[in-house]
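>>> using only what follows, build the 3D model:
(2 chains)
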Amino acid sequence: MASALTDWIPLGRESDFVNGVERRATLAGLVLVIRLEGRFYAFDPTCPHGGGDLRRCEPEGSTISCPLHGWTFDLSRRGHETHGFRGLRTYATRLRDGTLFVNFDPTIDEVATTSLA
Amino acid sequence: MADAKAPTYTGIFNNVRTIGQLLAGDRLKWQTELPIGAPSLPFILHLSCFVHYTPHIPLLAQQILERIGIDCPILGGPENCCGAIHVHMGDAALGEQAARIGIGGFRRARPTTILSVCPDCDEMFSQFMPKTAPFRHSNISEIFVEQLAKLKPIMRPVKRRVMIHTHDSNVQRQRDKANIETVLRAIPGLEIVEARHAGGIGPHCQILAPMPPPLQDAMFNEAVALGADTLVVPYHSCYRQHLKCELRWPVNVQHYISLIGESLGLHEEEEYKKLRLLDDVDKAVELLRPRFEPLGYTPEQVRPLVEWAVYC
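As a prediction, the model looks like this:
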């Protein structure tokens, strides 16, 4: 029987994700990770509007904005676009023993809280 | 709510959205994108970001085109940014990406012609337009000249003596200059004075490279000396820079599309000008209060936006 972490894919040590946006390639796909307001959010690397590279996103509070046209996604609301446009796909994160994991299952709603100051 | 802490992209685009919403309300109808498979639209009016500050210009443009039988839906909002903002902020690669996304959005509508009112949009889109693009992109002044035979019979006299502010830094702007003069000369009753100091610097007057005050003074002094009652500007950015000079000189500043509209009996309130000519940010915010309060904004939120967008 699979363990609880079978579908949880390790992205790296927690300390790797404390500054800005980090990009990780996994067998399940590319993902960006950002720490905002003490939480780790994982999301698609490109904006659903025009494919803007969200590594260049502008973070504020729990939101990130695409630099191309300003679409703004609230990561604490599963990527909801604040002007009413299409949302950004986000993924569950979990922290265990200092390692950050991501899960691409869209039914899982979980966001890791950082243990770092 | 918009973020007044420009110049982040988020701040700029949210400012455009909010001020545009407050000044145009529901009157200016535009789409941010067209669904795949939507009916083909022969003409599309593309609105750049900052044209949303001066909604009377696209509103009049649309009505003028309607008068000559051209239905011209608007594709606009920051979602259709041409990328000039990114270039101005030093991000040429992002600017190119934005321009290409915009061109891709046009393709969906399968148009024959995309019309822009903004010189930056003209230059960004023409720079990255594929040679195989199945539509043409041009400044809206082109269509007015092409359709002059339809416009002329419905133009009525406009009793103004005008000086035309121009930009001729490249071929596109020289063409606009010639087009605008051609259309204005077709308006009965309109007198055009020959000016020596009405030329602007670069492709248009703008926040980053405004017309220097001594040149601006010379232009308005010449307008007064020549008895011009109106300075006609070719672009919305020139309009934004020069309209506040109405406080110092007895010269009305008008976008050329407003004069075409006037000759057809069309009128749209110049909301941006009203705010600026109050010459007082607090009074401008107060004037906007009936518009922003129903939307849930507070004066404290709106004030920095007005300062940045109108009193910059």
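
>>> quick one: pLDDT of the residue nearest the centre of chain B?
The residue lying closest to the centre of chain B (CA atoms, centre = their mean) is B:H236, at 3.3 Å. Here the pLDDT value assigned to B:H236 is 96.

>>> now do the one 4 residues further on
Among the per-residue scores, B:R240 shows a pLDDT of 96.

>>> could you list every residue that touches B:P212?
Applying CB atoms under 8 Å, 6 or more residues apart in numbering or on different chains to B:P212 gives the contacts B:I201. Heads up, the C-betas are built off the backbone N, CA and C, glycines and all.

>>> near chain A, anything from stretch B:62-82?
Yes. On the criterion CB under 8 Å from any CB of the partner chain, stretch B:62-82 is in touch with chain A at B:78-81.

>>> and that stretch, which residues are buried?
Of all the residues in stretch B:62-82, those buried under the rule 16 or more other CB atoms under 10 Å in any protein chain shown are B:62-65, B:67-68, B:70, B:72-82.

>>> out of the residues you listed, list just those in strands.
B:74-75 (DSSP state E).

>>> which stretches of the stretch 1-150 of chain B have low pLDDT?
In the predicted model, the stretch 1-150 of chain B carries pLDDT under 70 at residues B:1-6.

>>> what residues does it have near chain A?
Counting by CB under 8 Å from any CB, the stretch 1-150 of chain B sits next to chain A at B:3, B:8-10, B:12-14, B:17, B:32-33, B:78-81, B:86, B:91, B:94, B:97-98, B:101, B:104.

>>> and these, which of them are buried?
Among the residues of the stretch 1-150 of chain B next to chain A, those buried by neighbour count (16+ other CB under 10 Å) are B:3, B:8-10, B:12-14, B:17, B:33, B:78-81, B:86, B:91, B:94, B:97-98, B:101.

>>> what about the closest residue to chain A within the stretch 201-312 of chain B, how many residues nearby?
Proximity of the stretch 201-312 of chain B to chain A (CB to the nearest CB) peaks at B:L295, 13.2 Å away. Burial of B:L295 is recorded as 12 neighbouring residues (other CB atoms under 10 Å in any protein chain shown).

>>> with adjacent residues omitted, what lies nearest to it?
Excluding its sequence neighbours, the residue lying closest to B:L295 (CB to CB, 6 or more residues apart in numbering or on different chains) is B:Q21, at 7.3 Å.

>>> name the helix or strand for that neighbour, please.
helix B:9-24 (DSSP states H and E).

>>> thinking again about what came up before, turn the residues of stretch B:62-82 next to chain A into TSV, including distance to B:L28.
Shown next, in TSV, are the residues of stretch B:62-82 next to chain A (distance: CB to CB, whole Å):
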residue	distance to B:L28
B:P78	14
B:E79	15
B:N80	14
B:C81	17
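
>>> between the residues you listed, which is nearest A:P48?
B:E79 (11.6 Å; CB to CB).

>>> which residues touch that closest one?
A:49-50, A:69, A:71, A:85, B:32-33, B:105.

>>> for whichever residue of chain A sits closest to chain B, give me the pLDDT.
Of the residues in chain A, the one nearest chain B is A:G70, at a distance of 2.9 Å by CB to the nearest CB. A:G70 is assigned a predicted lDDT (pLDDT) of 92.

>>> sorry, back to before: list the helices and strands the helix holding B:Q21 packs on?
Counting contacts by 3 or more CB pairs under 8 Å, 6 or more residues apart in numbering or on different chains; DSSP states H and E, helix B:9-24 is packed against strand A:58-60, strand A:63-65, helix B:84-88, helix B:271-277, helix B:281-292, helix B:299-309.

>>> can I get the next helix or strand after it as CSV, trimmed to CA atoms?
For helix B:9-24, the succeeding helix or strand toward the C-terminus, using DSSP H and E, is strand B:43-46. What follows is strand B:43-46, C-alpha atoms only, in CSV (Å, rounded to 0.1, in the frame of the first residue of the first chain):
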residue,chain,number,x,y,z
PHE,B,43,-12.4,46.3,-37.9
ILE,B,44,-11.1,46.4,-34.4
LEU,B,45,-10.2,49.5,-32.4
HIS,B,46,-7.3,48.6,-30.2
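
>>> any residues touching strand B:43-46, and which ones?
B:58, B:61-62, B:65, B:70-76, B:80, B:102, B:106, B:109, B:111-117, B:121, B:140, B:143.

>>> cool, and stretch B:239-251?
B:50, B:53-54, B:57, B:163, B:165, B:205-206, B:210-211, B:216, B:220-221, B:223-224, B:228-231, B:233, B:252-255, B:270, B:272-273, B:276-277, B:279.

>>> now a PyMOL select for only the buried ones of those.
In PyMOL, this line selects whichever of the contacts of stretch B:239-251 come out buried by 16+ other CB under 10 Å:
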select buried, chain B and resi 50+53+54+57+163+165+205+206+210+211+216+220+223+228+230+231+233+252+253+254+255+270+272+273+276
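
>>> among the contacts of stretch B:239-251, which are in strands?
Per DSSP E, the subset of the contacts of stretch B:239-251 in strands is B:163, B:230-231, B:233, B:252-255.

>>> what's the closest of those to B:S263?
B:Q254 (11.8 Å).

>>> how about the residue nearest to the centre of chain B, what does it touch?
Shown in contact with B:H236 (CB under 8 Å, 6+ apart): B:50-51, B:53-54, B:57, B:117-118, B:255.

>>> same check on B:K131?
Counted by CB under 8 Å, 6+ apart, B:K131 has zero contacts.

>>> in TSV: the ones in strands among the contacts of stretch B:239-251, plus pLDDT.
Formatted as TSV, the ones in strands among the contacts of stretch B:239-251 follow (pLDDT from 0 to 100):
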residue	pLDDT
B:M163	98
B:T230	98
B:L231	98
B:V233	98
B:N252	98
B:V253	98
B:Q254	98
B:H255	98
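
>>> out of those residues, which one sits closest to B:Y311?
For the ones in strands among the contacts of stretch B:239-251, the nearest to B:Y311 is B:V253 (16.2 Å; CB to CB).

>>> how about the residue lying closest to the closest one once chain neighbours are set aside, phi and psi?
Among residues not flanking B:V253 along the chain, B:L243 sits closest, at 4.4 Å (CB to CB, 6+ apart). The phi/psi pair for B:L243 (degrees, to the nearest 10) reads phi -60, psi -30.

>>> could you do the one 5 residues further on as well?
Reported as degrees, to the nearest 10, the phi and psi values for B:R248 are phi -110, psi -30.

>>> got the contact list for stretch B:90-98?
So stretch B:90-98 is contacted by A:50, A:52, A:56, A:67-69, B:81-87, B:124, B:128 (CB under 8 Å, 6+ apart).

>>> among the helices and strands packed on helix B:9-24, which is the most enclosed?
Mean neighbour count (mean count of other CB atoms under 10 Å in any protein chain shown) peaks for strand A:63-65 among the helices and strands packed on helix B:9-24, with a mean of 24.
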